[in-house]
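**Student:** here's a sequence, model it:
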Amino acid sequence: MLAFVLALVVIVAVGLSLGRGRMGGRLGGPGNKPAKRACKWSETGNSNGRFVEYRCASCGVAAYSATGDAPVICKSNLKGSA
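**Tutor:** Numbers count the residues shown, from 1 in each chain. The predicted structure is shown next:
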């Protein structure tokens, strides 16, 4: 019985851990989308290889793009952002 309860706890913990993913701690589902702010991205002129750096005038977060287009989603919710 104890083994069954422990196995159930582990399965629930793994499920919650996988659900968090890279969505800033939110469960990934159709109703939970990453934050889309009114960021005003401008190219800084700094590049790292093929990546071009952009900085948001609204929240001050830096982001990089390899396509040459400014990011669409706000990056301020990602870990390690200023």
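**Student:** mind checking the SS state of Y64?
**Tutor:** Assigned by DSSP: H, G, I helix; E, B strand; the rest coil, the conformation of Y64 is strand.
**Student:** does it touch N48 like I think?
**Tutor:** Yes. The pair Y64 / N48 is scored as a contact, 6.9 Å apart, by C-beta atoms under 8 Å. Just so you know, the C-beta spots here come from the backbone N, C-alpha and C atoms, and that holds for glycine as well.
**Student:** so between those two, which is more surrounded?
**Tutor:** Taking other C-beta atoms under 10 Å, Y64 and N48 do not tie; Y64 has more neighbours (15 against 8).
**Student:** for the more buried one, give its distance to V14.
**Tutor:** 32 Å (C-beta to C-beta, to the nearest Å).
**Student:** where is the longest strand in the chain?
**Tutor:** Longest strand in the chain, counting residues (DSSP state E): strand 41-48.
**Student:** residue ranges with poor pLDDT in the protein?
**Tutor:** The model of the chain has pLDDT under 70 over residues 15-37, 79-82.
**Student:** one more time with 80, if that's ok
**Tutor:** 8, 12-38, 48, 76-82 (pLDDT under 80).
**Student:** what's the domain layout of this structure?
**Tutor:** 1-33, 37-68 (automatic domain parsing).
**Student:** so which bits of the last one are buried?
**Tutor:** Yep, that's domain 37-68 we're talking about. Residues of domain 37-68 classed as buried: C39, W41, V52, Y54, R55, C56, C59, V61, A63, S65 (neighbour count, 16 or more other C-beta atoms under 10 Å).
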